[in-house]
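J.: A predicted structure for the sequence below; I have some questions about it.
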Amino acid sequence: MRLLVAPDAFAPSLGAAAAAAAIGRGVEAAGLEPPDLCPVSADALPADVDARMRAAFALVVGEGTFDRGTLEGRPAGELAVRARQAGVPCHAIVGRDLLDPFGKRILDVQHVLEAATIGALERAGEQLARRLLTDVMPG
């Protein structure tokens, strides 16, 4: 069961690559295979992100603040919409969750966890992976 982890920067001091690596360490600690790490930026999404997403079990997006701006074209929102259209489950690990339940339904995001530091991102990655293992393989 391989996840695609594609976060944007959480803050200037915590860039997308560091966030992706921290979440990835947590996912591995929970017993899943190493995720496909795909840090993104507001400037452009990687050209192969759609193919990588379709090859994954699920997508994990992330950003500093999950809010109405996410719905207006920031990378996490764009990726969540693409995941929904491709039938790939999407989950989010964010610094702050300020998006209302209706916004989350629009994006079809299944789980949203808050984490703002490297250690918290690792724990959130592990927690999400454990939830997914329970959802997929109950008992």
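T.: That came through, no problem.

J.: where in the chain is pLDDT low?
T.: For the chain, the stretches with pLDDT under 70 are 137-139.

J.: Do a quick rundown of the strands in it.
T.: 3-7, 36-37, 58-66, 90-97, 109-114 (DSSP state E).

J.: and those, which is most packed in?
T.: Mean neighbour counts were taken over the strands of the chain using mean count of other Cβ atoms under 10 Å, and the top value, a mean of 28, falls to strand 3-7. For every residue, glycine as well, the C-beta is placed using N, CA and C.

J.: ok, back up a step: between the strands of the chain, which gets nearest to A80?
T.: Shortest distance between A80 and the strands of the chain, using Cβ to Cβ, is found for strand 90-97: 4.7 Å.

J.: who does the closest one touch, helix- and strand-wise?
T.: For strand 90-97, the packing partners by 3 or more Cβ pairs under 8 Å, 6 or more residues apart in numbering; DSSP states H and E come out as strand 58-66, helix 75-86, strand 109-114, helix 118-136.

J.: just to revisit the earlier point, can I get the strands of the chain in a markdown table with distance to A83?
T.: Below are the strands of the chain laid out as a markdown table (distance: least, Cβ to Cβ, whole Å):
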| stretch | distance to A83 |
| --- | --- |
| strand 3-7 | 9 |
| strand 36-37 | 14 |
| strand 58-66 | 5 |
| strand 90-97 | 4 |
| strand 109-114 | 9 |
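
J.: quick one on the thing from earlier: rebuild the helices and strands packed on strand 90-97 as JSON lines, extending it with distance to P35.
T.: Conversion of the helices and strands packed on strand 90-97 to JSON lines gives the following (distance: least, Cβ to Cβ, whole Å):
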{"stretch": "strand 58-66", "distance to P35": "7"}
{"stretch": "helix 75-86", "distance to P35": "14"}
{"stretch": "strand 109-114", "distance to P35": "15"}
{"stretch": "helix 118-136", "distance to P35": "8"}
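
J.: Of these, which is nearest A51?
T.: With Cβ to Cβ as the criterion, A51 lies closest to helix 75-86 of those, at 10.0 Å.
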